[in-house]
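Undergrad: With the input below, show me the fold.
(chains A and B)
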Protein chains: 2
Amino acid sequence: MSLVVQKFGGTSVADAERIRNVARRIVDTYNDGNAVVAVVSAMGKRTDELLALAADVSDKSHPRELDMLLTAGERVTMALVAMAIEDLGVRATSLTGSQAGILTTDRHGAAEIVEIRADRVRAALDQDMVTIIAGFQGVNPDSKDVTTLGRGGSDATAVALAAALDADLCEIYTDVDGVFSADPRAVPAAHKIDEVTFEEMLELASAGAGVLMPRSVEFGRRFNVPIHVRSSFHAGEGTWVKEETMEEAVVRGIAHDSSEAKITVHGVPDTPGVAATLFEPLASAGVNVDMIVQNVSHDGTTDISFTVPDTLLEAGTKIARDVAEGVGAGGVAVDTEIAKVSIVGIGMKTESGVAARMFRILADHGINIEMISTSPIRISCVVRGDQVGEAVQALHTGLGLDGGVDA
Amino acid sequence: MSLVVQKFGGTSVADAERIRNVARRIVDTYNDGNAVVAVVSAMGKRTDELLALAADVSDKSHPRELDMLLTAGERVTMALVAMAIEDLGVRATSLTGSQAGILTTDRHGAAEIVEIRADRVRAALDQDMVTIIAGFQGVNPDSKDVTTLGRGGSDATAVALAAALDADLCEIYTDVDGVFSADPRAVPAAHKIDEVTFEEMLELASAGAGVLMPRSVEFGRRFNVPIHVRSSFHAGEGTWVKEETMEEAVVRGIAHDSSEAKITVHGVPDTPGVAATLFEPLASAGVNVDMIVQNVSHDGTTDISFTVPDTLLEAGTKIARDVAEGVGAGGVAVDTEIAKVSIVGIGMKTESGVAARMFRILADHGINIEMISTSPIRISCVVRGDQVGEAVQALHTGLGLDGGVDA
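TA: Prediction:
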């Protein structure tokens, strides 16, 4: 008998009828001879409604209480899903994140899973019960306070539980058909990817492919749990994320991200340790820096540019200005009109010349490259924000991805 | 410093503005130098909405999951109230029934509090925090499953917590001004009672006065926690429920109840043990019998009548028919068109003739009495359902309660 962990997002459980559909799918999996653990999100827009309610009551920040509030959302879904499963003649029980032993850090609103003590889940499975677990939530073992995991938290719950329970498979049900070779809104010819390695998916997710969050992929990679991203609206195959794929693609997919901004510190004295002076305080303040470029030094000074999420721009700029003043740099410039386009493929490890092809395609379309960063299986370029759509489209065609199969 | 437990019902926390008002009231109590524990219900009609959602998903009974679902309601309120209190500059923390150590029996939907392990509540109070606790809910210590306490459960939570914490006072905030000498909808001249003993309140509550449930009063009596039933809409005094009152009223108030039905077993052989044969299976099946009347025996047979809540009529009738057949009784009759009117007063213990006055008043209004039961401080009569309004009005006037002060 296999153990399957399934995750259903808010769209899949948005109303009573969809909840019954989800129950039917879970029961089908169970009747195929599998043990099933299902992780569920809050119904539809319920989390947004709860946030609006909190905003009506208070315009201040209450991290602990906000988590207490938001965790009511999944609680409702999981109870309803369990009822619908029992109506189909299969025993079911629902557990909160806390009851399921999802132990997290104490960072309310963005807690990280540190351990899973899944005793109650195992006990329920031993009794042949389908177990429904609230996604997105856990408990801090020190304060005993309830926490939420932040964006993509239900996926992380599912993959981490699959790892902790040594599940054979984690299925992420979503409102799209799987992972695509590019965002279909930007590239009409984008095709669903059948298989992608953990490593590639990690790069794609980090580069802006929204379907899975990097930390979910990282759990899957670390504990080698195959993840099947698939549609909750039909039974067709989606995208398998796993250790190795049948074919090694040179370019598996293209991701883009318009949610970052660029900060440039001009005229920085080019002395040893000056980069650390800038990036240490950014790290301490929790400002995640993505790309960093340091230009070649002229007359003893240099320009350092880096990108941060839009949401951290204000904090990042303030720190950059303080540091610039401290080290006697020329000044700080901010640019919010940028976007990043990335190509990802495991085959880049062995095939050279991909970067050159990418740069040529962009140049042929008159798209200027402002920053470049690379990993062994990814090349990212920062371009003007209003050119990113054209960039993705041109790369998809130019790199031979339009054909509809993995390149 | 005093410790005050306050309870706010669904109407008092129905929207963001009312939640801020409740927070203001809690903070006022805190700023007066009290430690405060506040018990809250689900917002407005939220519990009904959750029940409707469950009915949309399933038409079957799922007691465990229904409790999981419903407990989301108070969770939302308590987090919002805690936020609103913090906005007023007072530290606050919310706790679920489980976190507050409300241990209950395992009877989902109608669990009874068996013990309160209030360590986390005490720890919060020791840190000078106002503590907001979800009413109506607890946890069964064996299954670790979340339970709900059923109707009036939030009052029970508040009074039981007050007892466990050795609080000086329990305030029940409600949408009426206090306990009335009769239902003001039936008796326009009904007046608010200033003080009532636990014993009287227990009788009034059991006889149908809706403002407090009997088990809440029983907690107050057993642990001698004074209960102040008062309006959440103004600061005026409500009704104090306590061990002793300044004045001993002969008749403190009149309660009526139209939610019972009468079952009569005719022609029962009048042999020893026949009553036990009838009432033992009713008790085993959880059919709460209220009044019992056995008529004088004629020719070796007797009639036994008893009243049960309307909701248990079907179960009660079935058992009565089985027993009637078993003992060779004549038959079973059911009457749903009855109502009960009760007069309650501690002074009845010493003053005789009150029953005779009650019967005379009813007779003068042409109201036939079908069953009578008494306790040392209460007399109840079953009358025709369509005459109960007139009966309450006549007794309120005839027993001198119209004057506006305790009789």
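
Undergrad: Buried residues in the helix or strand harbouring residue A:324, which are they?
TA: Assigned by DSSP states H and E, residue A:324 belongs to helix A:313-327. Buried residues in helix A:313-327, counting neighbours by 16 or more other CB atoms under 10 Å in any protein chain shown, are found at A:313, A:316, A:317, A:319, A:320, A:321, A:323, A:324, A:327. Where you see a C-beta, it was placed from the backbone N, CA and C, and this is true even at glycine.

Undergrad: That helix - contacts with which helices or strands?
TA: The contact analysis (3 or more CB pairs under 8 Å, 6 or more residues apart in numbering or on different chains; DSSP states H and E) places helix A:313-327 against strand A:260-269, helix A:274-284, strand A:331-335.

Undergrad: Could you export it as CSV, CA atoms only?
TA: Provided in CSV are the C-alpha atoms of helix A:313-327 (Å, rounded to 0.1, in the frame of the first residue of the first chain):
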residue,chain,number,x,y,z
LEU,A,313,12.5,48.4,-1.3
GLU,A,314,11.9,51.1,1.4
ALA,A,315,13.9,49.2,4.1
GLY,A,316,16.6,48.4,1.6
THR,A,317,17.0,51.9,0.3
LYS,A,318,17.2,53.4,3.8
ILE,A,319,20.1,51.0,4.7
ALA,A,320,21.9,51.6,1.4
ARG,A,321,21.7,55.4,2.1
ASP,A,322,23.1,55.0,5.6
VAL,A,323,26.0,52.8,4.4
ALA,A,324,26.7,55.1,1.4
GLU,A,325,27.0,58.0,3.7
GLY,A,326,29.2,56.0,6.1
VAL,A,327,31.7,54.9,3.5
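
Undergrad: tell me the angle that helix makes with strand A:331-335.
TA: With axes from the mean of the first three to the mean of the last three CA atoms, to 10 degrees applied, the angle from helix A:313-327 to strand A:331-335 works out at 160 degrees.

Undergrad: How far does helix A:313-327 sit from its chain's centre?
TA: 28 Å (CA atoms, centre = their mean, to the nearest Å).

Undergrad: Ok, stretch A:46-62 next?
TA: That offset, for stretch A:46-62, works out to 24 Å (CA atoms, centre = their mean).

Undergrad: same question, stretch A:315-328
TA: Per CA atoms, centre = their mean, the centroid offset for stretch A:315-328 relative to its chain is 30 Å.

Undergrad: count of neighbours near whichever residue of the stretch 301-407 of chain A sits closest to chain B?
TA: Relative to chain B, the nearest point of the stretch 301-407 of chain A is residue A:311 (22.2 Å; CB to the nearest CB). Burial of residue A:311 is recorded as 13 neighbouring residues (other CB atoms under 10 Å in any protein chain shown).

Undergrad: And for residue A:8?
TA: Here the number of neighbours of residue A:8 (other CB under 10 Å) works out to 29.

Undergrad: possible to save the helices and strands packed on helix A:313-327 as CSV with mean pLDDT?
TA: Formatted as CSV, the helices and strands packed on helix A:313-327 follow (pLDDT from 0 to 100):
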stretch, mean pLDDT
strand A:260-269, 92
helix A:274-284, 87
strand A:331-335, 94
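
Undergrad: so which of those is the most packed in?
TA: Counting by mean count of other CB atoms under 10 Å in any protein chain shown, strand A:260-269 has the highest mean neighbour count of these, with a mean of 20.

Undergrad: Run the angle between that strand and helix A:313-327 for me.
TA: 0 degrees.

Undergrad: Relative to the centre of chain A, pull out the residue lying furthest away.
TA: residue A:299 (42.3 Å; CA atoms, centre = their mean).

Undergrad: How about the residues of the stretch 51-200 of chain A by chain B?
TA: By CB under 8 Å from any CB of the partner chain, the residues of the stretch 51-200 of chain A that approach chain B are A:53-54, A:56-58, A:60, A:62, A:64-66, A:68-69, A:71-73, A:75-76, A:78-80, A:82-84, A:86-87, A:92-94, A:99, A:120, A:144.

Undergrad: Buried only: go through those for me.
TA: Counted by 16+ other CB under 10 Å, these give A:53-54, A:57-58, A:62, A:64-66, A:68-69, A:71-73, A:75-76, A:78-80, A:82-84, A:86-87, A:92-94, A:99, A:120 as buried.

Undergrad: what about the residue lying closest to residue A:260 once chain neighbours are set aside, which helix or strand?
TA: In space, residue A:260 comes closest to residue A:307 once its chain neighbours are excluded; the distance is 4.5 Å by CB to CB, 6 or more residues apart in numbering or on different chains. Per DSSP H and E: residue A:307 is located in strand A:301-309.

Undergrad: pLDDT of that strand, averaged?
TA: Averaging pLDDT along strand A:301-309 gives 90.

Undergrad: Can you tell me which helices and strands that strand packs against?
TA: Where contact means 3+ CB pairs under 8 Å, 6+ apart, strand A:301-309 is packed against strand A:260-269, helix A:274-284, strand A:292-294.

Undergrad: in the shortest one, what counts as buried?
TA: In this case it means strand A:292-294. For strand A:292-294, a neighbour-count test (16+ other CB under 10 Å) marks A:293, A:294 as buried.

Undergrad: Look up the closest residue to residue A:125, ignoring the ones flanking it.
TA: Residue A:125's closest residue in space is residue A:35 (CB to CB, 6+ apart), at 5.2 Å.

Undergrad: who does the one you found bridge with?
TA: On the basis of DSSP bridges, residue A:35 is bridged to residue A:3.

Undergrad: What residues does it make contact with?
TA: A:1, A:2, A:3, A:4, A:125, A:128 (CB atoms under 8 Å, 6 or more residues apart in numbering or on different chains).

Undergrad: Please tell me I have it right and residue A:218 contacts residue A:202.
TA: Yes - between residue A:218 and residue A:202 a contact is recorded at 6.4 Å, counting by CB atoms under 8 Å.

Undergrad: show me where chain A has helices.
TA: A:16-31, A:46-57, A:63-87, A:119-126, A:153-164, A:198-206, A:214-222, A:274-284, A:313-327, A:354-364, A:388-398 (DSSP state H).

Undergrad: If I average pLDDT within each of the ones you listed, which one is lowest?
TA: helix A:274-284 (a mean of 87).

Undergrad: Would you enumerate the residues in contact with residue A:129?
TA: With contacts defined as CB under 8 Å, 6+ apart, the neighbours of residue A:129 are A:91, A:92, A:93.

Undergrad: how about a cut-off of 10 Å?
TA: A:30, A:35, A:36, A:82, A:85, A:86, A:90, A:91, A:92, A:93, A:121, A:123 (CB atoms under 10 Å, 6 or more residues apart in numbering or on different chains).

Undergrad: Identify the residue spatially nearest to it, adjacent ones excluded.
TA: Residue A:129's closest residue in space is residue A:91 (CB to CB, 6+ apart), at 4.6 Å.

Undergrad: doesn't residue A:132 make contact with that neighbour?
TA: No - assessed by CB atoms under 10 Å, residue A:91 is found out of contact with residue A:132, at 11.4 Å.
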